[in-house]
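Colleague: Sequence first, then the predicted structure:
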Amino acid sequence: MAAITLSGFLLHSAWRIIALSKAELLIGSKNHNTIFCIRYNAFLFKLTGCMFVNINKKLDGILSASIIVAGILSANIVTANNLNYSLGAYNDFYSEISNHANKNVNYRVARSTSMDRGFKINGYTADDYSGYSVSNAGDVNGDGLSDVIIGSYRDANSYKGKSFVVFGKTTGASVNLDSTLSGFTINGEYNSYSGWSVSGAGDVNGDGFGDLIVGAYANGNFSGKSYVVFGKNTNSTVNLSDIAANLGGFSIKGEYAGDNSGYSVSGAGDVNGDGFDDLIVGAYTAGSYLGKSYVVFGKSRNATVNLSNIASIGFVINGGVDSVGSGYSVSSAGDVNGDGLDDLIIGVPYGHPSGVNSGKSYVVFGKTTNTAINLGSIVANSDGFVIKGEHEGDYSGTSVSSAGDVNGDGFDDLIIGAYGYGSYADKNTYAGRSYVVFGKKTADVEAVDLRMLDTVINTSGFIINGESESDQSGYSVSKAGDINGDGLGDLIIGAHYASSKSGKSYVVFGKTNNAIVNLSDISSGIGGFVINGEHGNDESGISVSGAGDVNGDGLDDLVIGAYGSSVHGSYSGKSYVVFGKVDTGAINLTNLGNRSKYAIDYLGGEANNSFTGNSSDEIFVSGSGNDILQGKGGMDVFHAGAGNDVIYINVDNAVELEKAGKGNRARIDGGSGIDTIKLDGGGKSAVTLDLTKISDTRIQGIEKIDISSQYHYDSNVLRLNLNNILNISEAHAGKYILKLLGDRFGRVDLVLEGSSFYKSRVEKTQGNISYDVYKNDAAPHMELWIHQHVEIFYYNG
């Protein structure tokens, strides 16, 4: 018989079966004395049995397949604990079926580098600069998975620019941007630098698909132009010349030559509460270099927008003498003051509140009028508030973003990058610093001086210090979503000059205190994790963004740009999608390319689907049909996509949604359409869905909740407050409307928490169902429709 020798080392005693599509390995340990049972590539070689032996002892076995091997045969075996092991067969040998091997074969297990979960997006050709800008794109094609957009403004030195939409997917296979199989290309116009800035735009035209905005600041003698590209479920190429002709979207034309409108663009959320997502466009040299930003309201028509006539379709935000270059960076701020309207943040890195180029940022509250805003006249508690930089040369406001709800208080927070921090004292020069500023209700809003975040009396936010000199951390900052599933908003910070310009990005987990965060600790796995670039001069982290849930596993993901990569020629560029994870181990972009940690259990398409799960943890991604999804318990993840969908949850589903702490992937995303959550105890027990105990990030895109039961002894209960309604529902026709269906056995608990719900005199009837309409003066654009005869209780929070 052939002698089979085991050698090498095994470090973890908990290993068992590891299975891939082409390899299996039964792994043992020194403690458990387990033999390797190997199968590779459809019975390439196999032991007839597996026995318990001691490591480095010989075992005689029979090979059951015919194989000729010369030299070294190896296969990568992916394991847990961020480790990989390679299986190698050494020495030439020959075997025939049913015969014994005629030579000894030595198998060695050796540790190699682990594969990190995510995928690479390779630039098209040299001098494309792909990845100079990256963003979450929303669900552009309506399949239930979040997509990403990549800007490539040089376009092989043609300067037309290109942008690429890459559809969400669960595998780790790399994407090449010269292929249209994974998304679609957006071609720019002549000499326009399209793709310099890109962003998801939300659903601007109300058709249920995520839309996009692409900035081209050099267009028209640098007057600039921005393009809104409507979402679609095909891979056909989009030409921005067609968008300019109002085919498949519309353009936003700058006012004057030299304004550079479109230098920064972003989705703005629903600023005016009309049910359409809005846009913000920065023009930092407009108005004699004072800068302007323009809010363009969403609309169902695709007519061209002229910023010279912005008052007809939005409003302008004018810079001032103390806010030179306003609009250098612009972003949605989320709902900072909790009034139900989305707010805005505008970066002014060349402002000088605390010295030359100390920088400042302005938060402008959402509003329903078209009147112009002058940043020099911003009054706290009214129009918004100012955030003043710390020191000369900080360039605070170079990058700004909503942070999500980082501290879990129900208000959206902000993150501001100051990549020049440290230059004022020649200490840790350009290490960079970022700042999280907490949201708060309007009555408590006041100007924020970032110097105060480093004092014992600070209650306004916290500081994030760069790791090393010249890193320029904070050059790009963004909300990351909920990466680790703990219900708190997380952050991503780019440091594109770190590690010989290979670049680093840092994920900082949300937290409820205001203690200073040091990125050196993040690199050590304390409070987050670091993402290390591949090669020198790649400049990974030049642009960073939350990506939404690209792979559908219930954890939010990330997208990182590295425009200096030479994967397909010098400066062809590369981008990376990194899947969300619970642990704090470092990610090395060199090793990116593994499949999702969690498999999708039920995957739909364009047809109507009906999927019924079981009591285990499952993932539903149902596609664009009108779908029925039944969880039956467990930490389930529901991505309903486009269409009118019904999602059934039971007692266990509700309990899992309430759980706090990292690792909770439970999520319900109704997507577009009219989507319903149905409480279903199955005749065994009543379901209580307490939205006040569930993180704001866990349920969204829901228009109806049905608490009725076919079993009269099941009295389902729904408890919710005003903030819950605004977070889980989507605005339609200017109002946030949540409809509650039920019967006389169900109960709705309205939690007041300082705001008053009241039954209006209005009644509504739809589909033979009569509703009483409840309102709340704290959010006049909100309506809660409650099926008549449902029992209602009021509670003080």
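Modeller: Here it is on my side, so go on.
Colleague: Strands of the stretch 451-600 of the chain, start to end?
Modeller: Using DSSP state E, counting those that start in this stretch, the strands assigned to the stretch 451-600 of the chain run over residues 461-465, 476-481, 490-495, 504-508, 517-518, 528-532, 543-548, 557-562, 574-578, 587-588, 592-594.
Colleague: contacting residues around the closest residue to Lys292 other than its chain neighbours?
Modeller: Residue nearest to Lys292 in three dimensions, not counting chain neighbours: Ala286, with 4.1 Å by Cβ to Cβ, 6 or more residues apart in numbering. The C-beta positions use only the backbone N, C-alpha and C, and glycine is treated the same way. Residues counted as contacts of Ala286 (Cβ atoms under 8 Å, 6 or more residues apart in numbering) are Gly254, Glu255, Tyr256, Asp259, Asn260, Ser261, Lys292, Gly327.
Colleague: Out of those residues, list just those in strands.
Modeller: Lys292 (DSSP state E).
Colleague: Dump stretch 393-413 to CSV, restricted to CA.
Modeller: Extracted as CSV, the C-alpha positions of stretch 393-413 are listed here (Å, rounded to 0.1, in the frame of the first residue of the first chain):
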residue,chain,number,x,y,z
GLY,A,393,-4.1,74.8,7.4
ASP,A,394,-6.4,72.1,8.6
TYR,A,395,-8.7,72.4,5.5
SER,A,396,-11.6,71.2,7.5
GLY,A,397,-14.5,70.5,5.2
THR,A,398,-12.5,69.1,2.4
SER,A,399,-14.8,66.1,2.6
VAL,A,400,-18.1,66.0,4.4
SER,A,401,-20.9,63.4,4.7
SER,A,402,-23.8,62.2,6.7
ALA,A,403,-22.6,59.7,9.2
GLY,A,404,-25.8,57.9,9.9
ASP,A,405,-26.9,57.6,13.6
VAL,A,406,-23.4,56.8,15.1
ASN,A,407,-24.4,57.1,18.8
GLY,A,408,-27.9,55.6,18.6
ASP,A,409,-29.8,58.7,19.8
GLY,A,410,-32.3,58.8,16.9
PHE,A,411,-30.7,61.8,15.2
ASP,A,412,-28.4,61.5,12.1
ASP,A,413,-24.8,62.6,12.7
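Colleague: my guess is Asp127 meets Gly573, correct?
Modeller: No: with contact defined as Cβ atoms under 8 Å, Asp127 does not count as touching Gly573 (9.1 Å).
Colleague: Compare those two (neighbour count), which wins?
Modeller: Gly573 (34 against 16; other Cβ atoms under 10 Å).
Colleague: Against Ala333, how distant is the more buried one?
Modeller: As judged by Cβ to Cβ, to the nearest Å, Gly573 and Ala333 stand 29 Å apart.
Colleague: Okay, now the unreliable bits of the protein?
Modeller: Applying pLDDT under 70 to the chain flags residues 1-115, 380-381, 425-428, 711-714, 732-734, 753-755, 797.
Colleague: can you map out the helices along it?
Modeller: Remark: helices assigned in the chain by DSSP state H are 219-222, 240-244, 286-289, 498-501, 519-523, 651-658, 722-728.
Colleague: thinking again about what came up before, apply the buried test to the contacts of Ala286 and list what passes.
Modeller: Gly254, Glu255, Tyr256, Asp259, Asn260, Ser261, Lys292, Gly327 (16 or more other Cβ atoms under 10 Å).
Colleague: excluding its backbone neighbours, what's nearest the last one?
Modeller: The reference is to Gly327. Spatial nearest neighbour of Gly327, chain neighbours left out: Gly282 (3.3 Å); criterion: Cβ to Cβ, 6+ apart.
Colleague: For the one you found, give me its contacts.
Modeller: 261-265, 291-293, 326-330, 346.
Colleague: Show me what it bridges to in the sheet.
Modeller: Ser264, Ser293 (DSSP bridges).
Colleague: Against Ile492, how distant is it?
Modeller: Following Cβ to Cβ, the distance that separates Gly282 from Ile492 is 21 Å.
Colleague: Without its sequence neighbours, what residue ends up closest to Leu375?
Modeller: In space, Leu375 is closest to Ser323, 4.6 Å off (Cβ to Cβ, 6+ apart).
Colleague: In contact with the one you found, which residues?
Modeller: By Cβ under 8 Å, 6+ apart, the contact list for Ser323 reads Leu290, Gly291, Val348, Gly351, Lys360, Tyr362, Leu375, Gly376.
Colleague: same thing but at 10 Å, please
Modeller: 290-291, 317, 346, 348, 350-353, 360-362, 374-376, 378, 386, 397 (Cβ atoms under 10 Å, 6 or more residues apart in numbering).
Colleague: which of the residues you listed are buried?
Modeller: Those of the contacts of Ser323 that meet the buried threshold are 290-291, 317, 346, 348, 350-353, 360-362, 375, 378, 386, 397, by 16+ other Cβ under 10 Å.
Colleague: mind checking the longest strand of this structure?
Modeller: In the chain, taking DSSP E as the definition, the longest strand is strand 757-766.
Colleague: And for that one, what's in contact with it?
Modeller: 720-722, 725, 737, 739, 750-751, 770-778, 782-786, 788, 792, 794.
Colleague: Can you select the buried ones from those in PyMOL?
Modeller: A single PyMOL command selects the buried members of the contacts of strand 757-766 (16+ other Cβ under 10 Å):
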select buried, resi 720+721+722+725+737+739+750+751+771+772+773+774+775+776+778+782+783+784+785+786
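Colleague: Looking at the contacts of strand 757-766, which are in strands?
Modeller: Among the contacts of strand 757-766, DSSP E puts 720-721, 737, 739, 750-751, 770-776, 782-786, 792, 794 in strands.
Colleague: care to break this structure down by domain?
Modeller: Domain ranges of the chain: 2-112, 116-594, 602-795, per automatic domain parsing.
Colleague: Would you mind finding the most buried of these?
Modeller: Of these, the one with the most neighbours on average (mean count of other Cβ atoms under 10 Å) is domain 116-594, at a mean of 23.
Colleague: Quote the end-to-end distance of that one.
Modeller: End-to-end distance for domain 116-594, by Cα to Cα, to the nearest Å: 6 Å.
Colleague: Any idea how far that domain is from the middle of the chain?
Modeller: 12 Å (Cα atoms, centre = their mean, to the nearest Å).
Colleague: partners of Lys739 in the sheet?
Modeller: Assessed by DSSP bridges, Lys739 has beta-bridge partners Lys704, Trp785.
Colleague: Isn't it up against Ile769?
Modeller: Yes: between Lys739 and Ile769 there is a contact under Cβ atoms under 10 Å: 8.5 Å.
Colleague: Overlap of the contact sets of the two?
Modeller: Common contacts of Lys739 and Ile769 (Cβ under 10 Å, 6+ apart): Trp785, His787.
Colleague: which residues touch the closest residue to Ile149 other than its chain neighbours?
Modeller: Counting by Cβ to Cβ, 6+ apart, Ala137 is the residue found nearest to Ile149 once chain neighbours are left out, at 4.3 Å. If you count contacts by Cβ under 10 Å, 6+ apart, Ala137 has them with 146-150, 163, 165-168, 183, 198-201, 210-212, 229, 231, 267, 545, 547-548, 550, 559.
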